[in-house]
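K.L.:
Just to be clear, the model below is a prediction. Sequence and coordinates:
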Amino acid sequence: MKLLNSVNNIWTYVIILAFGVIGLLLIFPLFNIFLSSFIDNESGVLTFQNYIDILGRRYYRTAIYNSVVVGVAGMIGALVIGIPLAYFTSRFHIIGKSLITTLAILALVSPPFIGAYAWITMLGSNGWLRHILENVGISIPTIYGPLGIILVFSLKFYPFVFLLTAGALSTINVSLEDAADNLGCSPFSKFIRVTLPLVFPAVSAGALLAFVLSLADFGTPSIIGRNYRVLSTLAYNLYTSEMGGNPGLASTVSIILICISLIFVYFQRNLIKKKDYGSSLIRRPEVKKLKQAYSIPVHFLCYFLVILSSIPSIVVIFNSFRNTSGPVFKPGFGLDSYRRIIGDVPEAILNSFLFSIASVLMVVVLGTLIGYVIARKPSVLTGFLDSMIMIPYIVPGIVLGLGLIVTYNSKPFVLVGTPLIIILAIFIRRLPYSVRSSASILKQIRTGVEEAAINLGTIPSKAFLKITLPLMMPGVIAGALMAFVTAINELSSSIILYVGGTVTMPVRIYLSVLDGEFGTAAALSSILLITTGLAVYGVLSISESKENVFV
Amino acid sequence: MSSVQLINIVKNYGQVKALNDVNLDINSGELFTLLGPSGCGKTTLLRTIAGFHKQDSGTIKIDGSEIDDLPAYRRDTGMVFQDYAIFPHLSVGDNVGFGLRNKNVPPREIKDRVAEALETVRLSGLENRLPNELSGGQQQRVGLARALVIQPKVLLMDEPLSNLDAKLRIELREDIREIQKKLKTTTIYVTHDQEEALVISDRICIMNSGEVSQVDTPWTVYKNPEKYFVASFVGSMNFVKWPRQSWLKNNPLSLKEISLSSKGVVLDPNKENIIAGVRPEDISLTSEPIDKDHQNIVMSGIIEKISFSGREAFFHILLEEEVRLLVNVSRPDELSLKEIGETINLVFPKNALMFFDEKSGSRC
């Protein structure tokens, strides 16, 4: 392969721009974090002391251990919920299948810290569900701690497993299952020995996403974990500690976070190596009718799981209409909380929309262009670009936020404290989604149409604008809406980057929950949820292969 | 070795009659082929025997006992799939041993039987390979070994060769024939390829629109088709319509200079239009003038097109307006100088003609 396909066209500039952006907003900040993890906080000399501290002291080691525990447990929870749901909905006639999928998608896109917060209002120390249960004589422990984190993670990240596995289950060659049947395999043993191994690549990809995102999540352990230390909260606390932050140690924790993610990515890649079971000879599985006896339990299970995962959203919207007096909920309903947020924190709402729209515009323009060069101009450079673009997937928001602060807090580029740094953080974190979606749409558009335009005398850049771009448009818009959804719900990088004037809704919700201002938190969360819901509705109505947009 | 009886099998998909009252007796140890065009119900029938779906009514018996209520995994049939259906995550050895493991056969015996089965299909020593390292032909051999090793009562083969290229197809079908003859496993073989069916089968069942058209040996099916459909589907045949008014008035079949009604064929006056057929290879071509006799039919026509394929040639002869005959010449040497537009003589024995009732499609 050539280094570049041709030098003298606009795609060359796109590639240069892409590398520039990734270099400045991703590689350089990460490199600075890496450097700073080797620098002693007080003396400023190069040292391994930070690593020795983190790996040597029990206080820090516990955080590593805890992170892996809740990450793995959240992943297992996601598998336990996601696989049966995928199996039943892809193989049998389930009434209201699209409702189930939609609820799962909503659970996926709603911010995890809202889940944490909602479960607290139900099962926290003052939780109403706990009170009700106590009144009937059932005493259950509060939701705080690792179990609460794991519950929220499982219910939050199972849709990755569900959607990916369902997709794989409906495209495997059903002759293989018939063959197992024919050779005397009972239905359950067939599922374990044949079906599951065949969809393993998809299952493990979903599991990996659940793990990596659990590991990176800051809001959930911070809100519901109480004293349960994990790496993301540790990094945040080390950096913002009131006794003087320790950027060196925070950086070391960040590097360890990335390393753990990388280990799991590497592990998964190795597991699925040589396991591409795709085949052109495919007999698609048929969707069967459930036997009468199984119909009710299976429907119950499916609906139970998706409703359980949407409870937080329902509870939050419900809470937002309850009357409050200061931090406490009062009987009766009204618009108190909404009045309060409009009076007290209008800038959070405004900022959220401004920052998200600004970053999404940048994401869409650059993402579409990069997607195009990756899909259509294969070369060593674009291949390298393709793998670089995946880095944000494994860099927790907290870590990226730290990296940007470390990098852009001194002249000539003082960005810390400006809205721009928050916008850039969201931008670089969401760029891969847009790149990947536009690259995958392009794979469905035949190159012939653009070549035909060029053959008829159109110059290449115009051919792209006039022919390919219009064909990509539905996908681009769907991708933009998805980027918007994740952008407006961004907490983990903003929490590090915000200052008084650049506070966003997720940050405000987080702070309100910490202060016990549950009414304000509920009203803000409801605005977020409804905005998110509308965007998802938009995606579902323009996108053809619905579920694939979300994972 | 087992026999299979299919009694009044009916299967509908909505309005479509996929299987319409199918009755078949398959003898122990024979290779029985279901032949027909796509959509004729042959694969549906095979999958019903395997238990992948259940007939709406009717009974399937293996060795005299009903298997209607047994799920697919208890039917003890071995199936070879069109798309091989080799488990991609298991080695060749594990694929072949899969069914034995379900029967709780001891590991050591599994190993021996797997090795033996692989030897039978000429894949010895490939136990540890993964399926994606094998060619299509090898994968289908694994499929065959996997189905045979469990010593099924019946071997079911669903178009096993249709995804292979022509040369492999011929090689593997010879092997299947040989192995089947040696093991004497009752085999039901589905194909849409009539040549394959003729070569491989003990008996052929020709199916059309969910119904059985004819069950016979390959020889009989080809030489003595009972139905218009069978004659047209197996091999190629020239058909000429002979309208009712025409044969009632003793007018000759609309072929030049033929008078059939007077000789040989006695036709039921209730019949409607008749279709006459003759196989292309039964007709001879010559430039020499031929004397008429009552054994042969002699005609002349104009060469319209010649398709030469080396071993043989097909001549398209125009007899009169809109009436054409296809003639297969197996040694085209002496006709090689013939050109399009030339007149040529045709001759074929009268008993090579077959007549079918246009309405019912049966022989008359």
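P.N.:
Happy to help now that I have it.

K.L.:
hey, which helix is longest across the chain?
P.N.:
You didn't pick a chain, so chain A it is. Longest helix of chain A, by residue count under DSSP state H: helix A:58-91.

K.L.:
Correction: the question concerned chain B.
P.N.:
In chain B, with assignment by DSSP H, the single longest helix is helix B:166-183.

K.L.:
Give me the mean pLDDT for the next helix or strand after it.
P.N.:
Downstream of helix B:166-183, the first helix or strand assigned by DSSP states H and E is strand B:186-191. Looking at strand B:186-191 alone, the average pLDDT works out to 97.

K.L.:
check contacts around A:Gly145.
P.N.:
A:224-228 (C-beta atoms under 8 Å, 6 or more residues apart in numbering or on different chains). Using the backbone N, CA and C atoms, a C-beta is placed for each residue, glycine as well.

K.L.:
Mind checking which of those residues land in helices?
P.N.:
A:Ile224.

K.L.:
which residue is nearest the centroid of chain A?
P.N.:
For chain A, the residue nearest the mean C-alpha position is A:Leu213 (6.1 Å; C-alpha atoms, centre = their mean).

K.L.:
need the residues of chain B near chain A, please.
P.N.:
B:50-52, B:71-79, B:81-85, B:87-89, B:98-99, B:102-103, B:130, B:132, B:146-147, B:150, B:156, B:163 (C-beta under 8 Å from any C-beta of the partner chain).

K.L.:
any idea of the pLDDT on whichever residue of the stretch 201-350 of chain B sits closest to chain A?
P.N.:
Residue nearest to chain A within the stretch 201-350 of chain B (C-beta to the nearest C-beta): B:Gly210, separated by 19.6 Å. In the prediction, the pLDDT value recorded for B:Gly210 is 94.

K.L.:
Just to check, it is in contact with B:Ile9?
P.N.:
No - assessed by C-beta atoms under 8 Å, B:Gly210 is found out of contact with B:Ile9, at 9.6 Å.

K.L.:
which residues are in contact with both of the two?
P.N.:
B:19, B:22.

K.L.:
list the contacts for A:Pro331?
P.N.:
Per C-beta under 8 Å, 6+ apart, neighbours of A:Pro331: A:Asn323.

K.L.:
how close does it get to A:Trp128?
P.N.:
Using C-beta to C-beta, to the nearest Å, we find A:Pro331 at a distance of 12 Å from A:Trp128.

K.L.:
ok now stretch B:27-41, how far from the chain's centre?
P.N.:
Between the centre of stretch B:27-41 and the centre of its chain there are 8 Å (C-alpha atoms, centre = their mean, to the nearest Å).

K.L.:
How far does it stretch from one end to the other?
P.N.:
Using C-alpha to C-alpha, to the nearest Å, one end of stretch B:27-41 lies 21 Å from the other.

K.L.:
Same check on stretch A:235-253?
P.N.:
End to end - C-alpha to C-alpha - stretch A:235-253 spans 6 Å.

K.L.:
list the buried ones in the longest helix of chain B?
P.N.:
Buried residues in helix B:166-183, counting neighbours by 16 or more other C-beta atoms under 10 Å in any protein chain shown, are found at B:168-169, B:172-173, B:175-177, B:179-180.

K.L.:
just to revisit the earlier point, which members of the residues of chain B next to chain A are positioned in strands?
P.N.:
Judged by DSSP state E, those include B:77-79, B:156 as members of strands.

K.L.:
Rebuild those residues as a markdown table, extending it with distance to A:Gly124, pLDDT and neighbour count.
P.N.:
Shown next, in a markdown table, are these (distance: C-beta to C-beta, whole Å; pLDDT from 0 to 100; neighbours: other C-beta atoms under 10 Å in any protein chain shown):
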| residue | distance to A:Gly124 | pLDDT | neighbour count |
| --- | --- | --- | --- |
| B:Thr77 | 60 | 92 | 26 |
| B:Gly78 | 61 | 92 | 28 |
| B:Met79 | 58 | 94 | 30 |
| B:Leu156 | 61 | 96 | 24 |
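
K.L.:
Can you tell me which of those residues is nearest chain A?
P.N.:
Distance to chain A, by C-beta to the nearest C-beta, is smallest for B:Met79 among these, at 4.3 Å.

K.L.:
Read off the pLDDT value for A:Pro260.
P.N.:
To be clear, residue A:260 is Ile; Pro isn't right here. At A:Ile260, the pLDDT value in this model is 94.

K.L.:
Now it: closest residue in space that isn't a chain neighbour?
P.N.:
A:Leu215 (6.3 Å; C-beta to C-beta, 6 or more residues apart in numbering or on different chains).

K.L.:
quick one, helices of the stretch 251-400 of chain A?
P.N.:
A:292-320, A:336-344, A:346-376, A:380-388, A:391-394, A:397-407 (DSSP state H, counting those that start in this stretch).

K.L.:
swap that for chain B, sorry
P.N.:
Going by DSSP H, chain B shows helices at B:42-50, B:92-102, B:107-120, B:136-149, B:166-183, B:194-200, B:218-223, B:228-233, B:244-248.

K.L.:
by how many degrees do the second one and helix B:136-149 diverge?
P.N.:
Here helix B:92-102 points in a direction 20 degrees away from that of helix B:136-149 (axes from the mean of the first three to the mean of the last three C-alpha atoms, to 10 degrees).

K.L.:
For chain B, give me its nearest residue in the stretch 301-450 of chain A.
P.N.:
Proximity of the stretch 301-450 of chain A to chain B (C-beta to the nearest C-beta) peaks at A:Lys443, 22.8 Å away.

K.L.:
The helix or strand where A:Tyr433 lies to helix A:397-407, inter-axis angle?
P.N.:
According to DSSP H and E, A:Tyr433 maps onto helix A:419-444. If you take the same axes, to 10 degrees, helix A:419-444 sits at 130 degrees to helix A:397-407.

K.L.:
how about the next helix or strand after helix A:419-444 as CSV, C-alpha atoms only?
P.N.:
As assigned by DSSP H and E, the chain's next helix or strand after helix A:419-444 is helix A:447-455. Included here for helix A:447-455 are C-alpha records, laid out as CSV according to Å, rounded to 0.1, in the frame of the first residue of the first chain:
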residue,chain,number,x,y,z
THR,A,447,-18.1,3.7,-5.0
GLY,A,448,-19.4,3.4,-8.5
VAL,A,449,-21.8,6.4,-8.2
GLU,A,450,-19.1,8.8,-7.3
GLU,A,451,-16.8,7.5,-10.0
ALA,A,452,-19.6,7.8,-12.5
ALA,A,453,-19.9,11.5,-11.6
ILE,A,454,-16.2,12.0,-12.0
ASN,A,455,-16.3,10.1,-15.3
